[in-house]
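I would like to see how this sequence folds:
(2 chains)
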Protein chains: 2
Amino acid sequence: MTQPKQMHFCGFLVAGPVVHSHAIWRNPAHETPFLSLAHYAGIARTLERGVFDFVFFADRLAIADRYGDSHEMGLRLGDQDATRMDPLPILGAMAAVTSRLGLGATRSTTYDAPFNVAREFATLDHISGGRAAWNVVTSMNDGEALNFGDVPHLSHDERYDRADEFMEVAFKLWDSWDDDALVLDRAAGVYADPSKVHYVNHRGKWFQSRGPLNIPHSPQGRPVVIQAGSSGRGKAFAARWTEVIFALQPNMTRMAAFTKDVRAALEAAGRAPDAAKVMMAVMPFVGATRAEAEAKRDLHDSLIDPRVGLSTLAAHANADFGALPLDAAVNEIADTGSQGNLAALRSIAGDGSMTIAEAGRIYGRGVMCPRLVGTAEDIADELIAIVDSGAADGFVVSPAFLPDTFDDFVDKVVPLLQARGRAAAAYGEGTLRDRLGLAGGRE
Amino acid sequence: MTQPKQMHFCGFLVAGPVVHSHAIWRNPAHETPFLSLAHYAGIARTLERGVFDFVFFADRLAIADRYGDSHEMGLRLGDQDATRMDPLPILGAMAAVTSRLGLGATRSTTYDAPFNVAREFATLDHISGGRAAWNVVTSMNDGEALNFGDVPHLSHDERYDRADEFMEVAFKLWDSWDDDALVLDRAAGVYADPSKVHYVNHRGKWFQSRGPLNIPHSPQGRPVVIQAGSSGRGKAFAARWTEVIFALQPNMTRMAAFTKDVRAALEAAGRAPDAAKVMMAVMPFVGATRAEAEAKRDLHDSLIDPRVGLSTLAAHANADFGALPLDAAVNEIADTGSQGNLAALRSIAGDGSMTIAEAGRIYGRGVMCPRLVGTAEDIADELIAIVDSGAADGFVVSPAFLPDTFDDFVDKVVPLLQARGRAAAAYGEGTLRDRLGLAGGRE
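I've put the predicted structure just below:
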């Protein structure tokens, strides 16, 4: 008799007032102290209580100012880029208040140096005892480019070429100390075996780095590599490097199609089809009854100004929707731009009869993250159905309010899944990579 | 009646096996788990118990391989650069286990971007409630340059020119949000006042950055800026920017001369002569009797291989001493090099009659950090004498063993100083900058 498949969980965060939901900081029930350590420490403890595999911080390197060619609307209403603190010091704090929870964050391959990023994650992996994960992004926004120089932003394909080489350098640096290079013979005074620490002598198109890293081999060897599902060149990048894939798909059919594509891409890249775990974003609203859950969702949605969603959408699409009339139907708008910048709006609008305002409200309430609304039993059933259909290996739980959503999910949904053998009842031994069932931390 | 002057304290660390003392990891009494979070968390708690103003991590971005043109000796024996983890995630962890202790670390202006560094310290300042400090370094080693590219390492003066502009950009970014820009009106849905968040539009010789930072104004506005005493162009840099100056001087006469120079340089730069606090490195060996303290020191010193000191000295002087015979007297060595690379050795050797090995041993035992050896009363008296002579505002306590030195100092020396009104008995209100008596966090 085979064991039912256990699902994996990640708690999704941004170190700011907003995550996918733009209502978070407007929670009528209490303040959301998103600049304070206590806020993040409490969330980390809750996720660990729920035996989540890891917590994760998305990041971006600029406020948004595509909407109306200004940062005014995004800052006034609090869009997704209005504030983002640096996740790495916060993950250090979370490492101190937990002992098993994995710790993941975004770092850009376009606006950082491989030696610095390799050091940060090697350090996090050491101090956390093998719990580090890195979401690799190439940073697509004009605003980010402008904060780091006035060179033209790299093209999409160039960014991924650079990212490929960035990964090569980082992997070489993480591998520059053999597992057994540290000797630590205190009596004889032998710290390390120099023959087991290697120059990497990388000389490529984008980077030169001699190495070795000045940090010994960490418990995982290197962080778990995360990627978000993306376009052509990005898919090739993911197929080569990724170990966890985040995706945001609106329903089970699309989730299944996405995951099938991922498996095929992994095989095409010469890897096992399940070499990477696929984790789907969901935003749960848990109620004692369905009506209560729906009321929670409706309250949440009532806090969304359409323009805050449009501001974030403009940043995500790297396009300006500020001139569009809010009360016009999406399919009434003529696509005059050569950038195809209406595609993002149209993908929200379905048949196109909804207004620009309605599309903005939908985007602001959760950046298209599907919502699971019901009793804990309803939500547990739905998660199990998704995993059993092969559409996902686990879920990225995206909060509607903080810490409310995680409290509800951990206290009400997780115990049901654990009772049915579908979520881990306790952490097993080993590193984050071990718990995710991934291959070793070496090439 | 004037109050006696209270002295400031910093606990000095490297995130590795060695600090100034190269004996730390060889402690015969117990292991020193320098890769683990518990090690750093315990130290942070001890320093906070001792009402230290802050903890500080020195950093460098490469293993050392100047000695014998190889990293062999430094890695085998464990020199000061054999391992250095990234301090920022560790400071995040320390923020989580303390509530008042200041948190400082080195970041390089040569191998990082102002936007990234500004974000890291703004984040640390937020999550710690105003406790962040940044030691600004320009990174002088060839090995560091080689990890970040194969461009020629910048000249000394170029590095400081770049550092000046780096600071200008970072300060502009920290000032890009007015203090009252955050509105957080949850009912009305107003996050911030966009008219109080400013583009910085920096376009200089080394950097372009548009800003604003994507992080609101932090409790201190910006981290406390630390500098280590240095050479000509470095002194001008320090006079302009620094708020805390670290110095390593062998005795009270030299400490007094150094501090007098600093005061004059600050005045010459148009600042108050006491606008920056001068903190002198000391390595205490505390015993119940002087004989016990001397025995501790002698045990410590017996653990130093001369070559480990020479390896670190070679890195610090960016020069190779590997070909010099260990048993030759320093003043027998002919200075054939044009780099004057013997100056560093000669500065250790006094009249020059000591051997190369003896000089290496001296350097390895504490990088010329003066040692205070005696009873707690002896050491308290000496610290008071230094401060009363005007030779320092406080001390950088450098450990001989970890956590032993900090345990001894906090449990035995600090209470005497507190009883005599010369060390703070408890933390006052406010930020790290407030406690150090520095001016506000804005220009």
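
only C-alpha atoms, please: export stretch A:343-351 in CSV.
Output in CSV follows, covering the C-alpha atoms of stretch A:343-351 (Å, rounded to 0.1, in the frame of the first residue of the first chain):
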residue,chain,number,x,y,z
ALA,A,343,-2.1,42.0,-22.9
ALA,A,344,-1.7,42.0,-19.1
LEU,A,345,-5.0,43.8,-18.7
ARG,A,346,-6.7,41.5,-21.1
SER,A,347,-5.4,38.4,-19.4
ILE,A,348,-7.3,39.6,-16.3
ALA,A,349,-10.4,40.7,-18.0
GLY,A,350,-11.6,37.3,-19.4
ASP,A,351,-14.1,38.2,-22.1
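
any weak-confidence spans in chain A?
A:1-2, A:150-152, A:229-230, A:335-341, A:440-443 (pLDDT under 70).

neighbours around the closest residue to A:Phe54 other than its chain neighbours, how many?
The shortest distance from A:Phe54 to any non-neighbouring residue, by CB to CB, 6 or more residues apart in numbering or on different chains, is to A:Gly102 (2.8 Å). Using the backbone N, CA and C atoms, a C-beta is placed for each residue, glycine as well. If you count neighbours by other CB atoms under 10 Å in any protein chain shown, A:Gly102 ends up with 32.

if I pick A:Gly102, what's in contact with it?
A:10, A:52-55, A:131-133, A:224, A:432, A:435 (CB atoms under 8 Å, 6 or more residues apart in numbering or on different chains).

mind running it again at 10 Å?
A:8, A:10-11, A:47-48, A:52-56, A:91, A:94, A:128, A:130-133, A:220, A:223-224, A:244, A:427, A:431-433, A:435-436 (CB atoms under 10 Å, 6 or more residues apart in numbering or on different chains).

the spatially most central residue of chain A and A:His316, how far apart?
Central residue of chain A (CA atoms, centre = their mean): A:Ala58, 5.0 Å from the mean position. A:Ala58 is 12 Å from A:His316, where distance means CB to CB, to the nearest Å.

one step back: quick one: the residue nearest to the centre of chain A and B:His30, what's the gap?
Counting by CB to CB, the gap from A:Ala58 to B:His30 is 41 Å.

go on, A:Ile348?
Going from A:Ile348 to B:His30 by CB to CB gives 61 Å.

do A:Thr242 as well
For A:Thr242, the distance to B:His30 - CB to CB - is 42 Å.

who has more neighbours, these two?
A:Thr242 (27 against 11).

how about the residue lying closest to the more buried one once chain neighbours are set aside, secondary structure?
The shortest distance from A:Thr242 to any non-neighbouring residue, by CB to CB, 6+ apart, is to A:Gln227 (3.9 Å). What DSSP: H, G, I helix; E, B strand; the rest coil gives for A:Gln227 is strand.

report the beta-bridge partner residues of A:Gln227.
Beta bridges link A:Gln227 to A:Ile245, judged by DSSP bridges.

looks like the residue nearest to the centre of chain A contacts A:Met85 (just checking).
No - using CB atoms under 10 Å, A:Ala58 makes no contact with A:Met85, being 11.8 Å away.

who touches both of those two?
Shared contacts of A:Ala58 and A:Met85, counting by CB under 10 Å, 6+ apart, come down to A:14-16.

out of these, who's near chain B?
Near chain B, taking CB under 10 Å from any CB of the partner chain as the test, the members of the shared contacts of A:Ala58 and A:Met85 found are A:15-16.

reformat the shared contacts of A:Ala58 and A:Met85 as JSON lines; add distance to B:Thr375 and secondary structure.
Below are the shared contacts of A:Ala58 and A:Met85 laid out as JSON lines (distance: CB to CB, whole Å; DSSP: H, G, I helix; E, B strand; the rest coil):
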{"residue": "A:Val14", "distance to B:Thr375": "54", "secondary structure": "strand"}
{"residue": "A:Ala15", "distance to B:Thr375": "48", "secondary structure": "coil"}
{"residue": "A:Gly16", "distance to B:Thr375": "52", "secondary structure": "coil"}
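
who touches both of A:Ala58 and A:His316?
Common neighbours of A:Ala58 and A:His316 (CB under 10 Å, 6+ apart) are A:Gln80.

from A:Tyr67, how far off is the single nearest residue of the stretch 301-443 of chain A relative to chain B?
Closest to chain B within the stretch 301-443 of chain A is A:Asp305: 5.8 Å, counting by CB to the nearest CB. A:Asp305 sits 12 Å away from A:Tyr67 when distances are taken as CB to CB.

okay, these two: which has more neighbours?
A:Tyr67 (28 against 21).

please tell me I have it right and that one contacts A:Val308.
Yes - at 9.3 Å, A:Tyr67 and A:Val308 qualify as touching, with contact defined as CB under 10 Å.

what sits in contact with each of those two?
A:73-74, A:77, A:79, A:360.

buried ones among the residues you listed?
A:73-74, A:77, A:79, A:360 (16 or more other CB atoms under 10 Å in any protein chain shown).

quick check: the farthest pair among the residues you listed?
Farthest-apart pair in these is A:Gly74 and A:Gly360; separation 12.3 Å (CB to CB).

anything in contact with each of those two?
With CB under 10 Å, 6+ apart, A:Gly74 and A:Gly360 have common neighbours A:67, A:307-308, A:310-312, A:314.

quick one, longest strand in chain A?
Looking across chain A with DSSP state E, the single longest strand is strand A:277-286.

and the host helix or strand of A:His300, what's buried?
Assigned by DSSP states H and E, A:His300 falls within helix A:290-302. Across helix A:290-302, burial judged by 16+ other CB under 10 Å covers A:293, A:296-297, A:299-301.

how many residues are close by A:Asp178?
Counted with other CB under 10 Å, A:Asp178 comes out at 15.
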